[in-house]
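Chemist: Show me the folded form of this:
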Amino acid sequence: MASFLALYRGPSIASAELVAVSADPELIARFAGDLLERNGRAPGAEDPPREALADGRRRALQLLRDEAVETLPTGAEP
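Modeler: Residues are numbered from 1 along each chain as shown. Just a heads-up that it's a prediction; the model follows:
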């Protein structure tokens with residue numbers, strides 16, 4: 001499955017325009033890893049359904065990061 005990152009810019013999401021797209025596995029691995037570091041589990045989450053969604057997103061980021069790292073040349077690090 002292909003993974004890619006897209007960078008948009010604009011005054012709103014609805015009017016934003018595409019600036020760049022990348023399928024570089026090193027960039028994808030770094031981006032997913034950075035998001036995982038910044039979006040740790042919220043302490044004392046009071047809403048189990050929302051926490052389940054957040055857990056799913058974290059797991060998806062972990063899988064995308066790991067998949068991208070596996071495609072990097074030997075010795076390369078994100």
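
Chemist: mind checking how far the residue nearest to the spatial centre of the chain is from Leu53?
Modeler: For the chain, the residue nearest the mean C-alpha position is Ala32 (3.5 Å; CA atoms, centre = their mean). Applying CB to CB, to the nearest Å, the value for Ala32 to Leu53 is 17 Å. In short, each C-beta sits where N, CA and C put it, glycine included.

Chemist: Tell me who's in contact with the residue nearest to the residue nearest to the centre of the chain when sequence neighbours are not counted.
Modeler: Leaving out its chain neighbours, the residue that sits closest to Ala32 by CB to CB, 6 or more residues apart in numbering is Arg65, at 3.7 Å. Shown in contact with Arg65 (CB atoms under 8 Å, 6 or more residues apart in numbering): 28-29, 32-33, 36, 78.

Chemist: Try it again at 10 Å.
Modeler: Arg65 is in contact with 3, 25, 28-36, 78, counting by CB atoms under 10 Å, 6 or more residues apart in numbering.

Chemist: State the distance from it to Ser12.
Modeler: 29 Å.

Chemist: give me the low-pLDDT residue ranges for the chain?
Modeler: Flagging of the chain using pLDDT under 70 yields the residue ranges 40-45, 75-78.

Chemist: any idea where the helices of it begin and end?
Modeler: 25-38, 48-71 (DSSP state H).
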